[in-house]
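> turn this into a structure:
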Amino acid sequence: MKRFIFCLLALAISINSVFADELRLDKEAKYQKQVMQIGYRVLNANQIDKRMTFFYVNSKDVNAVTALRSKQISVYKGLLPLLDSDDELAAVICHEIAHGLDAHKGLWRRFTMAGSSKSYEFKADKKGVDLMVNAGYNPIAMIVILNKITAEPSWFERYPSHPGGSERLLTIYSYIYSKYPEYLVDNDYKNNLYYQNFLLTTKKQRAGIRERYKDKNIIPVSDKK
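Model prediction:
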C-alpha cells in the first residue's frame, strides 16, 4: 500500500512538472512572438530595408541589446515584468533598432559608437521616438519605461560618456515637445503612475522647455490648470 501511494505521489509530481514545463514554454513562445511582431511592425512601418532579427532571451537580466555585427536584437526575460504595454516594449525595441541602423552604416561607425556612448544613446532615443510614432505607438511610453529602469547616478558615478537618468528623460520629453506635441496635448499617459512621477521630479526643467518652445503655443495636458 505504501509503495502504491509513493508511486501515485511520484506520478503526480511528474505530471505537475510536465505541466509546469509546458506553461513555461507557452509563455516563452508568447514573449518571442510578441517581440518579433513588434519588431517587424516597426521595420515595415518605417520602410527599413535592412535585415534585423528579434529574439526573446530567457535571462533574468533587465536588459535589451543589439548585436552590432549580426543586427540581432535581444530582449531579456528580466525586462518584461517591468513592461505594462506593447507601447513600452516598442520603446525598448525601437531604441535598439536605432542602434542597429547606426551599425549598418559601417565598421568604423561601430567603433565610434563604443567610444562616445552618451551622444549615441541620445541619438538612439530620439530616433526611437520617430520609429515609434511612424509605427503607431505612443512615444510617451519611452519616458515611462525609462523612468522605471534608469537610475539617477550620484555625482561620483557620473561619466561624460553616459547620460544621467533625468538628463535622458528630459531630452526625450523636449524632443517630443518640439516634434510631436500632439502626444502631450492629448496624453493617454496623463494618469500613469510612472509618468506622473516623471512630471513631479522635473517641474523646473519642464518649465524651461515650455519657455523655449513658447512660440508653438503648446499647453501639455499635464500643465493645464
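> helix or strand for residue 125, which one?
Residue 125 is part of helix 117-134 when elements are defined by DSSP states H and E.
> how about the helices in this protein?
2-45, 86-103, 107-115, 117-134, 140-149, 165-179, 182-185, 193-201, 203-212 (DSSP state H).
> for residue 77, find the nearest of the ones you listed.
Smallest distance to residue 77 across the helices of the chain (C-beta to C-beta): 7.4 Å, for helix 2-45. Using the backbone N, CA and C atoms, a C-beta is placed for each residue, glycine as well.
> any idea of the mean pLDDT for the closest one?
In this model, helix 2-45 has an average pLDDT of 70.
> please apply the same query to stretch 124-133.
On average, stretch 124-133 scores 97.
> can you check stretch 215-225 too?
Stretch 215-225 shows a mean pLDDT of 64 in the predicted model.
> ok, stretch 103-119 next?
Stretch 103-119 shows a mean pLDDT of 53.
> for it, how far is the first residue from the last?
Using C-alpha to C-alpha, to the nearest Å, the end-to-end distance of stretch 103-119 comes to 14 Å.
> can you start the count at 46 instead of 1 from here on
Got it, first residue is 46 now, which makes that one stretch 148-164.
> just to revisit the earlier point, report the angle between the helix holding residue 170 and helix 210-224.
40 degrees (axes from the mean of the first three to the mean of the last three C-alpha atoms, to 10 degrees).
> tell me how far the most centrally placed residue in the chain lies from residue 94.
Central residue of the chain (C-alpha atoms, centre = their mean): residue 137, 2.1 Å from the mean position. Noted for residue 137: a distance of 22 Å to residue 94, by C-beta to C-beta, to the nearest Å.
> again with residue 222
Counting by C-beta to C-beta, the gap from residue 222 to residue 94 is 31 Å.
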